[in-house]
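Provided below for reference: sequence and predicted model.
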Amino acid sequence: MNVSRKGTVLALFAAAALAAPALAAPSVGASAPEFALPAASGATGTLALKDLAAKGKGVVVIFVSTRCPFSNAYNTRMAALAKQYAGKGVAVVGINSNKNEPASEVAEHAKKHDLAFPILKDGENKVADAYGANHTPEAYLIDAKGALVYHGRIDESEDEKGAHSHDLANAIDALVAGKPVPVAETKAFGCSIKRV
């Protein structure tokens, strides 16, 4: 294959990849898809959404990555959210759905970055598909009845100092206070999930 033809084939492949439609997330107000996944740490058993939701006021599900610079820029903020809201009845759980990030790498990454909340491994990205998750990080807030009440970004800036719209925290605060979530959907951004 000559160079110009090879370049054309690569350009067509890239255009097709960019044109691939993003998966649709469940609508706000709909039941969040159930899941039961193993912990990346290798702990025995699985952690299920229904078990997490039954223990408090809600669950935050964040799709995360070990290698994505956007996801890594949020490590400190995700850890702080988990710590801040644990005492208010809201659990935070991370899900890694990237095919190129093995569970051992995910566990080591969590330890290195003090991510004390559970991080689960979605080895075949079935949970990411069910949630319509396309980016890392991408957040979902689910109430105690299992309904999706927020979907989108954690905040608007990869740079923590530039973040002024704390969308996920605002949604959690409203849920804890028993009020409607003020902004239920925002546009998530970050790296694409590397699906099987």
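Looks like it arrived, so ask away. Numbers count the residues shown, from 1 in each chain.

contacts only, for the residue nearest the centre of the chain.
Nearest to the mean C-alpha position of the chain, by CA atoms, centre = their mean, lies Phe63 at 2.0 Å. Contacts for Phe63 were tallied using CB atoms under 8 Å, 6 or more residues apart in numbering; they are 94-97, 128, 131, 133, 135-139, 193. No exception for glycine: its C-beta is placed from N, CA and C like everyone else's.

what's the answer for Leu175, then?
57-58, 90, 141, 143, 149-150, 181.

dump those to CSV, plus distance to Leu115, secondary structure and pLDDT.
As requested, these are exported to CSV (distance: CB to CB, whole Å; DSSP: H, G, I helix; E, B strand; the rest coil; pLDDT from 0 to 100):
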residue, distance to Leu115, secondary structure, pLDDT
Lys57, 22, coil, 95
Gly58, 19, strand, 96
Val90, 16, strand, 97
Leu141, 18, strand, 98
Asp143, 24, strand, 96
Val149, 24, strand, 98
Tyr150, 21, strand, 98
Val181, 25, coil, 97
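
on that earlier part again, state the distance from the residue nearest to the centre of the chain to Glu160.
Distance, Phe63 to Glu160, using CB to CB, to the nearest Å: 19 Å.

show me where this protein has helices.
3-19, 49-54, 69-73, 75-86, 103-112, 126-131, 167-177 (DSSP state H).

output the lowest mean pLDDT helix or strand found in this protein.
helix 3-19 (a mean of 41; mean pLDDT, DSSP states H and E).

with just CA atoms, put stretch 147-165 into CSV.
Extracted in CSV, the C-alpha atoms of stretch 147-165 (Å, rounded to 0.1, in the frame of the first residue of the first chain):
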residue,chain,number,x,y,z
ALA,A,147,-33.6,6.6,40.7
LEU,A,148,-31.0,8.5,38.7
VAL,A,149,-31.1,12.2,39.9
TYR,A,150,-27.9,13.6,38.4
HIS,A,151,-25.6,12.7,35.5
GLY,A,152,-22.6,14.6,34.1
ARG,A,153,-19.4,16.2,35.2
ILE,A,154,-17.9,16.6,38.7
ASP,A,155,-17.3,20.2,38.0
GLU,A,156,-16.4,22.3,35.0
SER,A,157,-12.6,22.5,35.2
GLU,A,158,-9.8,19.9,35.0
ASP,A,159,-7.8,22.5,37.0
GLU,A,160,-9.1,22.4,40.5
LYS,A,161,-8.3,26.1,41.1
GLY,A,162,-10.5,27.0,38.0
ALA,A,163,-13.6,25.0,39.3
HIS,A,164,-16.4,27.3,40.3
SER,A,165,-19.5,25.2,39.4
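
so which bits of it are buried?
147-155, 158, 163 (16 or more other CB atoms under 10 Å).

again with stretch 138-147
Here stretch 138-147 shows 138-144, 146-147 as buried, counting by 16+ other CB under 10 Å.

ok, now stretch 62-77?
Buried, per 16+ other CB under 10 Å, within stretch 62-77: 62-66, 68, 70-75, 77.

and the two most separated of those residues?
By the measure CB to CB, Thr66 and Arg77 form the most distant pair in the buried residues of stretch 62-77, at 16.3 Å.
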